[in-house]
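Peer 1: sequence and predicted structure are below.
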Amino acid sequence: MEFLNPKKGTQGGSSTQQYVDVDKIRDGAIVMKNGSLRSILLVSSINFDLKSSEEQDAIIGQYQSFLNSLDFPLQIVVSSRRFNINPYIELLNGAEKEQESELLRFQISEYKLFIKNLTDISSIMSKYFYVVVPFSPVEDKEGGLQNKLFGIFRPKEASGGGTNQRFETYHSQLLQRVEHVIQALSGTGVRVAPLNTAEIIEILYNSYNPTLFTASVVKDINSVEISSF
């Protein structure tokens with residue numbers, strides 16, 4: 001992923017921020033240092049093997065149609081994290097305290113210990129699927145030669161670094177791509193939801209701090225409401 005790959009920079013005691021390709025995150029979009037924009041979509045999974053042959057053929061056909069409908073590049077990213085068992089353990093702690101039966105409290109305590117040992121030994125992982133939708137000011141075909149040259153040589157200003165109006169213009173075009181991807185992928189049976197600013201910050205933070213993957217949880221795709229732009 002371009003926005004997760006640090007640039008090669010000069011050696012020295014300068015800030016590590018210069019090695020990160022992200023300039024800022026605004027209105028649910030990542031603004032890169034080269035002036036391009038990124039939107040991140042969280043996508044659910046489906047158990048393809050449990051589908052009938054007719055359903056499998058339909059899913060494959062819908063996915064082929066989705067790929068053929070694209071006139072811009074995108075990235076599909078799979079992120080693996082250790083399963084965060086803490087919320088479930090807290091739920092069991094509450095049930096244990098409320099339980100009046102000594103036997104049931106003991107059984108809940110033993111079950112908690114079993115779950116903790118199982119997750120520690122097995123290193124159970126959960127997978128998150130993302131689609132990264134890009135937009136670059138250089139891709140704007142409606143502008144004249146002067147605007148295109150402006151976007152090539154000064155991409156940061158073209159994406160909104162100079163004026164808020166330019167950012168809104170290119171952000172609107174990015175959202176059009178996002179809407180197209182959501183509608184096309186939804187035909188395969190998966191659920192798709194764009195990440196907001198706070199969730200993008202979270203996923204970037206977790207990406208740059210892999211040992212803290214269990215510190216926070218990105219939105220549950222099964223509980224989100226899909227809305228059009």
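Peer 2: That came through fine.
Peer 1: regarding Ser80, what is its secondary structure?
Peer 2: strand (DSSP: H, G, I helix; E, B strand; the rest coil).
Peer 1: how close does it sit to Lys97?
Peer 2: Distance, Ser80 to Lys97, using Cβ to Cβ, to the nearest Å: 34 Å. C-beta: built from backbone N, CA, C; applies to glycine.
Peer 1: over to Asn206?
Peer 2: 31 Å.
Peer 1: the more surrounded of these two?
Peer 2: Taking neighbours as other Cβ atoms under 10 Å, Asn206 and Lys97 compare with Asn206 leading, 20 against 9.
Peer 1: before we move on, which element is that one in?
Peer 2: helix 197-208 (DSSP states H and E).
Peer 1: what mean pLDDT does that helix have?
Peer 2: On average, the pLDDT along helix 197-208 is 86.
Peer 1: what's the answer for stretch 171-187, then?
Peer 2: Mean predicted lDDT for stretch 171-187 stands at 93.
Peer 1: same question, stretch 32-39
Peer 2: The predicted model gives stretch 32-39 an average pLDDT of 89.
Peer 1: what is the burial count for Ala29?
Peer 2: Ala29: 26 neighbours (other Cβ under 10 Å).
Peer 1: by how many degrees do the longest strand seen in the chain and helix 197-208 diverge?
Peer 2: Assignment by DSSP state E gives strand 125-135 as the longest strand of the chain. For strand 125-135 against helix 197-208, the angle by axes from the mean of the first three to the mean of the last three Cα atoms, to 10 degrees is 120 degrees.
Peer 1: residues of strand 125-135 that come out buried?
Peer 2: Using 16 or more other Cβ atoms under 10 Å as the test for burial, strand 125-135 gives Tyr128, Phe129, Tyr130, Val131, Val132, Val133, Pro134, Phe135.
Peer 1: same question for stretch 23-42.
Peer 2: 23, 25, 28-33, 35-42.
Peer 1: and it, end to end?
Peer 2: Distance across stretch 23-42, first residue to last, is 22 Å (Cα to Cα, to the nearest Å).
Peer 1: so what's the gap between that stretch and the chain middle?
Peer 2: 12 Å (Cα atoms, centre = their mean, to the nearest Å).
Peer 1: can you check stretch 183-202 too?
Peer 2: Centroid separation between stretch 183-202 and its chain, computed with Cα atoms, centre = their mean, is 7 Å.
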